[in-house]
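In: Only the shape, not the letters, is given here:
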C-alpha cells in the first residue's frame with residue numbers, strides 16, 4: 001500500500017491546502033487524506049519531495065507541536081524560519097496546536 005500513487009497524491013494535495021499561518025500534524029494530514037493511522041507514511045512522502053518544491057512541507061509538524069527534525073539540523077532551522085515568516089510562533093521549539101492547528 002505504501003506504493004499507492006493515489007494515496008501519495010492525496011497526501012500532497014492535503015498538505016498543499018494548509019494555509020499560511022497554520023500547521024497540521026502528520027496524523028491529521030493522514031486522516032484528512034483518507035489514510036488514517038498512516039502518519040509515518042506522510043513523513044515518508046514529504047521526505048521524498050524535491051528541493052525547491054512548492055508543497056508547504058514546513059507546515060507539517062508532529063503531534064506534540066514540534067518539528068520532527070533534530071534541533072541542530074539545517075532542516076529544523078529552515079522549518080522554524082519559514083513558520084516564523086508566516087507568523088507561527090514557537091515557544092521553546094513548541095507550537096501551540098490550539099492556536100495554529102489547521103482543520104479543513
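Out: Cool, got the structure. Worth saying up front: this structure is predicted, and the values here are computed from it rather than measured.

In: Verify the stated contact: residue 13 with residue 33.
Out: Yes - under the criterion of CB atoms under 8 Å, residue 13 makes contact with residue 33 at 7.4 Å. All C-beta spots, glycine's among them, are computed from the backbone N, C-alpha and C.

In: Please say which of the two ends up with more neighbours.
Out: Between residue 13 and residue 33, residue 33 has the larger neighbour count (other CB atoms under 10 Å), namely 22 against 12.

In: Now do the more buried one, the pLDDT please.
Out: Per-residue confidence at residue 33 stands at 97 (pLDDT).

In: Check the spacing between it and residue 93 real quick.
Out: Distance, residue 33 to residue 93, using CB to CB, to the nearest Å: 26 Å.

In: Then residue 69?
Out: In terms of CB to CB, residue 69 sits 10 Å off from residue 93.

In: Pick out whichever of those two has more residues nearby.
Out: residue 69 (16 against 12).

In: For the more buried one, which non-adjacent residue is closest in space?
Out: In this structure, residue 69 finds its nearest non-sequential neighbour in residue 76, 3.9 Å apart by CB to CB, 6 or more residues apart in numbering.
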